[in-house]
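K.L.:
Would you be able to build a 3D model of this:
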Amino acid sequence: VQLVESGGGWEQPGGSLRLSCAASGFTFSSSHMSWYRQAPGKEREFVAIIISDGGSTNYADSVKGRFTISRDNVKNTVYLQMNSLKREDTAVYYCNARGSFTRYEYWGQGTQVTVSS
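P.N.:
Now for the predicted structure:
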């Protein structure tokens, strides 16, 4: 099982970044996919989720209206489009997979996002 995040980096406030998470080794289309983040000195927190068929999404209040989660069940990839970035979005962003029928949970290794001028 692998979840490989990419797309992190440095961006100025107000800018945009797009994270990707490529999945392998499990049935991606049967998995609910989420993004979490962890800022320095803080606990990991939920950012966004998209259910297995892509029909429903949910977001943390702090990112609602700025971030968009999407998925491609052919490419086995989940995305997080992050617009209007703020300094407080600085964190390591983690991809999470959770089974919709079978009980399992997997995590990626994380990708650093830094928002700074």
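
K.L.:
Name the nearest residue to the most centrally placed residue in the chain, ignoring sequence neighbours.
P.N.:
Nearest residue to the geometric centre of the chain (Cα atoms, centre = their mean): Trp35, 2.8 Å. In this structure, Trp35 finds its nearest non-sequential neighbour in Val47, 4.3 Å apart by Cβ to Cβ, 6 or more residues apart in numbering. Bear in mind the C-beta positions are built from the backbone N, C-alpha and C, glycine included.

K.L.:
swap in Ala48?
P.N.:
Distances taken as Cβ to Cβ, 6+ apart place Ile69 nearest to Ala48, at 4.0 Å, with adjacent residues excluded.

K.L.:
isn't that neighbour right up against Ile50?
P.N.:
Yes: using Cβ atoms under 8 Å, Ile69 is in contact with Ile50, at 4.7 Å.

K.L.:
Show me the common contact partners of the two, please.
P.N.:
By Cβ atoms under 8 Å, 6 or more residues apart in numbering, Ile69 and Ile50 have these common neighbours: 33, 57, 78.

K.L.:
which of the residues you listed tops the neighbour count?
P.N.:
Val78 (31 neighbours; other Cβ atoms under 10 Å).

K.L.:
how many neighbours does the residue nearest to Trp35 have?
P.N.:
23.

K.L.:
Provide a list of residues in contact with it.
P.N.:
For Val47, the contacting residues are 34-37, 59-60, 63, 67, 80, 93, by Cβ under 8 Å, 6+ apart.

K.L.:
And for stretch 11-27, what's in contact with it?
P.N.:
With contact meaning Cβ under 8 Å, 6+ apart, stretch 11-27 is reached by 1-9, 31, 33, 35, 75-87, 93, 95, 97, 104, 106, 108, 111, 113-117.

K.L.:
Please apply the same query to stretch 90-99.
P.N.:
The contact list for stretch 90-99, computed with Cβ under 8 Å, 6+ apart, reads 3, 5, 8, 19, 21, 23, 26, 28, 30-40, 42, 44, 47, 78, 80, 104-116.

K.L.:
Mind checking which of those residues land in strands?
P.N.:
Taking DSSP state E as the definition of strands, those contribute 3, 5, 19, 21, 23, 31-38, 47, 78, 80, 105-107, 111-115.
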